[in-house]
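Q: I would like to see how this sequence folds:
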Amino acid sequence: MAGYNALIWLVAALLAAILIGGLIFFAKYRKKRGEPTKPDGQLRH
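A: Sure, this is the predicted structure:
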């Protein structure tokens, strides 16, 4: 039972790390890519 609990925590931590890393990467990529070229859609609103 303890091993199963540890596995759940490990998977949860891994998913959280992937999610946070993905969000940071997406934000950086979007800033680098979207702002200087074309202000489209979002900035118009």
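
Q: Now do the strands in the protein.
A: Applying DSSP state E to the chain gives no strands.

Q: residue ranges with poor pLDDT in it?
A: 1, 33-45 (pLDDT under 70).

Q: Helices along that one, start to end?
A: 2-37 (DSSP state H).

Q: Report how many residues lie close to A17.
A: 10 (other Cβ atoms under 10 Å). Just so you know, the C-beta spots here come from the backbone N, C-alpha and C atoms, and that holds for glycine as well.

Q: Could you tell me how far it is located from I24?
A: 11 Å (Cβ to Cβ, to the nearest Å).

Q: same question, V11
A: V11 is 21 Å from I24, by Cβ to Cβ.

Q: Also N5?
A: For N5 relative to I24 (Cβ to Cβ), the value is 29 Å.

Q: and what of I8?
A: On the measure of Cβ to Cβ, I8 and I24 end up 25 Å apart.

Q: And L10, by the same measure?
A: Counting by Cβ to Cβ, the gap from L10 to I24 is 21 Å.

Q: go on, G3?
A: G3 is 32 Å from I24, by Cβ to Cβ.

Q: got it, and A12?
A: 19 Å.

Q: Also L7?
A: From L7 to I24 the distance is 26 Å (Cβ to Cβ).
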